[in-house]
Every structure is written in structure tokens, then in C-alpha cells.
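A.B. asks: based on what follows, work out the 3D shape:
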Amino acid sequence: MLEGCKNAQERWSGVHELVDKWLQERQSLLVMYTDLVQQVTQGTLPENRQVQQLCEIMVDYTSAGHFEIFEQLYREAEAFSDQRAIELGNRVIPMIQTSTDVILDFNEAYDNIPLNADQLDALSQNLSGLGEHLADRFQHEDLLIETLHTAHQELINT
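C.D. replies: Numbers count the residues shown, from 1 in each chain. All right, here's what the predicted structure looks like:
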């Protein structure tokens, strides 16, 4: 997508826009996740549609991270010859993959599966575990953004 950029300023700006859009999607995911957790905590079985929407946004968000955002962050780090950032990314991406596996497992377990009251306790436990993995994921993603992207802002202004 950003291959046609002529200079570092263009690349940085393009990646910045992608990351901003992606972080907005993260916010939507968090709102949806929090709503479901509140319902389940109150003992209310959420509507199937709500769980399916959470699954969809999580899979979309995760896919965008792996197949678009992380790739562009690496390319930016390469464009700035930032070997330290590339090495950090190589260490952090496997940590993010753990949460990807949890997200895909949750999706497989709950997407397009009719819920019933007997599943409320299992859903509560699975949402709790999912939340822990999402928190870890977001922390690692923020580290990638800071190291592979935000750190380069100063370089384009000089």
C-alpha cells in the first residue's frame, strides 16, 4: 500500500494514518468486549449477535495487525535503517502470536454458535482469559508502535 512513497516523510505519514485507524478499531473492540463482560458479570446471557460482532471485530483487528500494520512498521524501520527496532519486533511478534491463538480459539468456540444459559459460566471464564490476553497484546502492540514507528517522527523532522 505504501510502496509508492517517495520519501521517509510520506511513508511515516502513511503508516501513521494506518496505525490511527487501527487503534480506533481497537477502541471499538474494547467497548464491545467491556459491554459483553458487564452483561455476563451481571448474570445476563448476551445476544448471539453481540458475541458474533465481538468475534468479527477481534478477527478483523488481529488480521489487520499481522498482515498490514506490523508489515508496514517493519518496512518503516527498514527505511530508517533502525536495526534495534527490527530486532525488538522480532522478539515481540511471537508474544503477540500467543494472543492471536487465544482470539482465534475464542472465535472458533463462539462465532455462529447459539448460546444458552448453561454456557454462561464458561463464557464468563473464557471472556476473562481473553481479556488478559488482549491486555498483553495491546501492551506489546503499543511497544511495537512506539519503537518501530513513533520513534522515527523525530528523524523526519530533521
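A.B. asks: relative to Glu132, how far out is Met58?
C.D. replies: 14 Å (C-beta to C-beta, to the nearest Å). The way it works is simple: take the backbone N, C-alpha and C, and place the C-beta from them, glycine included.
A.B. asks: which one's more surrounded, those two?
C.D. replies: Legend: neighbour count by other C-beta atoms under 10 Å for Met58 and Glu132, higher for Met58 (24 against 11).
A.B. asks: so which helix or strand takes in the more buried one?
C.D. replies: Assigned by DSSP states H and E, Met58 belongs to helix 48-64.
A.B. asks: and that helix, what does it pack onto?
C.D. replies: When contacts are defined as 3 or more C-beta pairs under 8 Å, 6 or more residues apart in numbering; DSSP states H and E, helix 48-64 packs onto helix 8-41, helix 83-110.
A.B. asks: would you format the ones you listed as TSV with mean pLDDT included?
C.D. replies: Rendered in TSV, the data for those read as follows (pLDDT from 0 to 100):
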stretch	mean pLDDT
helix 8-41	88
helix 83-110	94
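A.B. asks: to Ala64, which of those lies closest?
C.D. replies: Set against Ala64 and scored by C-beta to C-beta, those come closest in helix 8-41, at 5.6 Å.
A.B. asks: so which bits of stretch 123-132 are buried?
C.D. replies: If you call a residue buried by 16 or more other C-beta atoms under 10 Å, then stretch 123-132 has these buried ones: 123-124, 126-127, 130.
A.B. asks: now do stretch 49-58
C.D. replies: Buried residues in stretch 49-58, counted by 16+ other C-beta under 10 Å: 51, 53-55, 57-58.
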